[in-house]
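Undergrad: pasting the sequence and the predicted coordinates here, then a few questions.
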Amino acid sequence: MDDLNKYFLSNKKGFTLIEVVMIIVILGIIMPGIMLYFITGVKDSAIPQRRTTAIFLAEALMEEIKSKRWDETAGVITFNSTCSNASALSFDGAEARGTYDDIDDFNGLNNPTIIDSLGNDLSGNYPGFSQTVTVCYVPATSLNDTSACATRTCYKRIQVSITDTGTNETISLVNLMTSYD
């Protein structure tokens, strides 16, 4: 037993109090900088998921719009070469979202929450998103020119926007439709 005590008392390979305090101070300086990168990475990891959800919602709304007739008068009359006898850009009467039957009906759609094709509020499934739609006639010479939106042409530009109200990031899809009657 005496030999064991002599071994531990003579072995001076431990840390001194000053060394321990220095290690604590150095770690105290380095750790917040390292942790900042981890915290930022974890915090920002939800943004790509919300962006993907917004893209999905925009695509779903665009597909719903594209599934409708080009115009209220489509199939009823034959358009002339300038489509000047196409209907005005607005929904027809007292239509509700579930009864929209042509592209124009979606013009001016502005919902603070996500509404599906039947008019159901999906804010419980997709909280923090809003949807807007703009439909505009555009000239054949400049398909992005929305300055004369009400002037009837054979081309309608549809813009669907989904906004993440938490980050104010907006995903927009644009599509061009023409009369093919």
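TA: Yep, it's here.
Undergrad: please count neighbours and contacts with C-alpha atoms only from this point.
TA: Will do.
Undergrad: residue 136 falls within a strand, correct?
TA: Yes. Under DSSP: H, G, I helix; E, B strand; the rest coil, residue 136 sits within a strand.
Undergrad: correct me, but it touches residue 160?
TA: No. Applying CA atoms under 8 Å, one finds residue 136 not in contact with residue 160, separated by 11.7 Å.
Undergrad: tell me the contacts of the closest residue to residue 146 other than its chain neighbours?
TA: Computed as CA to CA, 6 or more residues apart in numbering, the closest residue to residue 146 that is not its neighbour in sequence is residue 138, at 5.9 Å. Residues near residue 138 by CA atoms under 8 Å, 6 or more residues apart in numbering: 144, 145, 146, 148, 149, 151, 152, 153, 154, 155, 156, 157.
Undergrad: PyMOL command for the buried members of those?
TA: Remark: buried members of these, expressed as a PyMOL selection using 16 or more other CA atoms under 10 Å:
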select buried, resi 146+149+152+153+154+155+156+157
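Undergrad: let me have the contacts of residue 138 in a markdown table, extended by secondary structure.
TA: Below are those laid out as a markdown table (three-state DSSP):
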| residue | secondary structure |
| --- | --- |
| 144 | coil |
| 145 | coil |
| 146 | coil |
| 148 | coil |
| 149 | coil |
| 151 | coil |
| 152 | coil |
| 153 | coil |
| 154 | coil |
| 155 | strand |
| 156 | strand |
| 157 | strand |
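Undergrad: looking at the contacts of residue 138, which one is closest to residue 69?
TA: Residue 69 has its nearest neighbour among the contacts of residue 138 in residue 156, at 11.8 Å by CA to CA.
Undergrad: the closest one against residue 177, yeah?
TA: Yes. Taking CA under 8 Å as the definition, residue 156 is a contact partner of residue 177 at 5.2 Å.
Undergrad: in this structure, which spans are helices?
TA: For the chain, the helices defined by DSSP state H occupy 2-10, 17-44, 46-66.
Undergrad: most tightly surrounded among the ones you listed?
TA: helix 46-66 (a mean of 17; mean count of other CA atoms under 10 Å).
Undergrad: for residue 21, see how far away residue 54 is.
TA: 51 Å (CA to CA, to the nearest Å).
Undergrad: wait, residue 122
TA: For residue 122 relative to residue 21 (CA to CA), the value is 57 Å.
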